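Colleague: No sequence on hand, only this structure:
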Ligand code: NAD
């Protein structure tokens with residue numbers, strides 16, 4: 001099977017690295033492709049940075065209105081090829097076809113939002129800060145920007161950064177996850193059709209070696225990372241130590257509070273979609289569900305009902321709602337965490353382990369799982385599971401639940417289900433998380449808002465998407481000008 005090529009300087013080129021790892025379909029372990037990985041990928045990065053640096057020289061002087069024109073074409077191409085890209089996402093990442101199509105839609109929305117860059121880049125002007133003196137701020141590109149993306153949203157996450165970076169006058173290098181490189185290979189076939197200078201947008205494969213080469217290269221000025229917390233922290237520290245601006249989104253462990261006045265049927269369905277969507281492999285997946293007050297077991301029964309009916313299987317098959325988890329190692333790790341929760345005293349309400357799907361016996365499947373009364377001082381309650389597992393807890397009061405939410409070392413998302421405006425207002429004000437949902441299960445910001453995240457879920461200052469992306473991909477310059485009607489040093 002052919003090894004995937006890099007896209008450097010407007011051409012598909014072989015990696016200098018001969019060693020490869022297999023890209024596998026998580027539903028059946030079929031080998032989909034081979035991707036280069038190893039020390040020689042550092043040379044690929046050098047080539048990509050040289051191409052990106054050269055492309056920058058003219059691009060940064062092209063008016064922003066002209067720079068966004070290829071993005072309109074990209075949106076159109078992504079829409080035309082949405083089904084094909086979605087199929088690739090399902091094949092390599094495992095999620096259902098409907099989820100894959102929705103993912104691409106979120107990517108397209110970022111391209112659309114970045115088309116507003118000429119307006120979003122406009123800046124501030126103060127006339128007459130002193131007699132004859134005006135002061136204004138302009139935004140200029142940062143330079144060569146690089147993005148390192150995770151496996152779980154191969155068709156969306158690169159778009160939190162890529163369209164904004166180039167619209168702001170930068171060049172760009174993408175290093176997709178080695179587990180799911182095919183989605184962006186297809187997207188780059190479309191990028192290849194755009195009227196862009198060679199080298200403006202590049203793709204290099206690999207793992208830690210190519211990432212480190214990007215982190216250490218002096219001509220790379222900005223790094224956007226999304227992935228696990230331990231790697232996010234490492235990227236932030238190494239990139240910042242090398243003088244780069246870094247935005248590094250990390251892992252999560254998302255709590256959801258259900259108040260006694262919440263609509264039980266609707267709430268339980270929304271929560272089940274959040275916990276089990278993408279097989280729980282979403283940084284905004286609900287994980288710890290806290291039922292507040294006396295709900296007489298209603299919420300427990302409704303959650304079990306909503307969870308147990310999720311149809312699990314190969315994402316391209318009709319009616320499948322939940323696909324496999326990404327690797328056999330991931331399945332083993334998740335099943336180990338379920339066992340850990342039980343050993344810490346939790347009761348198993350629904351057990352998704354030992355799942356075999358007919359026709360996909362080698363797939364990494366786990367069915368929806370629910371643990372009740374997970375130990376508050378145990379390991380499971382604080383660990384990102386990244387699989388289809390819900391921990392159900394019971395607490396007496398909203399204050400106690402908010403206190404629990406705020407002990408979380410992560411801070412990606414926190415949600416509340418209620419009919420009370422006062423409870424909602426208290427919660428949104430007090431909860432320590434970057435994305436808040438009120439009667440929402442997956443509080444994913446739309447493209448015009450920053451994809452936030454606090455605490456161990458984010459390292460940096462400016463997030464991806466919207467205005468934050470514009471700020472991240474530009475550096476500000478303040479100009480003070482004196483044009484007096486009479487030359488004098490008097491103010
Ligand atoms: P990961 O951290 O294993 O990998 C992410 C990227 O980093 C990949 O491209 C990988 O090649 C690279 N990488 C891995 N180890 C590295 C190392 N030691 N040094 C340098 N580079 C390295 O993450 P993943 O398993 O692909 O993705 C899942 C994680 O991403 C979860 O923790 C999830 O919560 C998180 N995530 C967060 C957000 C968010 O917005 N906060 C969004 C999506 C996913």
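Modeller: Ah, there it is. Since this is a predicted model, take the numbers as computed values, not measurements. Numbering: from 1, shown residues only.
Colleague: Name the nearest residue to the residue minimising distance to the centre of the chain, sequence neighbours excluded.
Modeller: The centroid of the chain falls nearest to residue 157 when counting by Cα atoms, centre = their mean (4.7 Å). Take residue 157 and drop its neighbours on the chain: the residue closest to it by Cβ to Cβ, 6 or more residues apart in numbering is residue 149, 4.7 Å away. Yep, even glycine has a C-beta here, placed from its N, CA and C like the rest.
Colleague: Three-state assignment for residue 260, please.
Modeller: When classified by DSSP: H, G, I helix; E, B strand; the rest coil, residue 260 comes out as coil.
Colleague: Smallest gap between the stretch 51-200 of the chain and the ligand, at which residue?
Modeller: Nearest residue of the stretch 51-200 of the chain to the ligand, counting by Cβ to the nearest ligand atom: residue 150, 3.1 Å away.
Colleague: That residue against residue 232, yeah?
Modeller: No: judged on Cβ atoms under 8 Å, residue 150 makes no contact with residue 232 at a distance of 9.8 Å.
Colleague: Could you pull up the residues touching the closest residue to residue 67 other than its chain neighbours?
Modeller: Leaving out its chain neighbours, the residue that sits closest to residue 67 by Cβ to Cβ, 6+ apart is residue 167, at 5.4 Å. By Cβ atoms under 8 Å, 6 or more residues apart in numbering, the residues touching residue 167 are 64, 67-68, 71, 114-115, 117.
Colleague: One more: residue 152?
Modeller: 93, 278, 281-283, 326, 386.
Colleague: which SS class is it?
Modeller: Under the three-state scheme (three-state DSSP), residue 152 adopts coil.
Colleague: if we take the contacts of residue 167, which one ends up nearest to residue 349?
Modeller: Closest approach between the contacts of residue 167 and residue 349, by Cβ to Cβ: residue 114, at 44.4 Å.
Colleague: The stretch 1-150 of the chain: strands as residue ranges?
Modeller: Under the criterion DSSP state E, counting those that start in this stretch, the stretch 1-150 of the chain carries strands at the ranges 6-8, 11-13, 20-24, 31-36, 125-130, 133-141, 144-148.
Colleague: The first one - contacts with which helices or strands?
Modeller: If contacts are counted by 3 or more Cβ pairs under 8 Å, 6 or more residues apart in numbering; DSSP states H and E, strand 6-8 sits against strand 11-13, helix 41-59, strand 201-203.
Colleague: who does the last one touch, helix- and strand-wise?
Modeller: The elements that strand 201-203 packs onto, with contact taken as 3+ Cβ pairs under 8 Å, 6+ apart, are strand 6-8, helix 41-59, strand 171-175, helix 182-191.
Colleague: and the second one with strand 144-148, angle?
Modeller: An angle of 140 degrees separates the directions of helix 41-59 and strand 144-148 when computed by axes from the mean of the first three to the mean of the last three Cα atoms, to 10 degrees.
Colleague: average pLDDT across helix 41-59?
Modeller: Helix 41-59 carries an average pLDDT of 98.
Colleague: mind checking how far it is from the chain centre?
Modeller: 25 Å (Cα atoms, centre = their mean, to the nearest Å).
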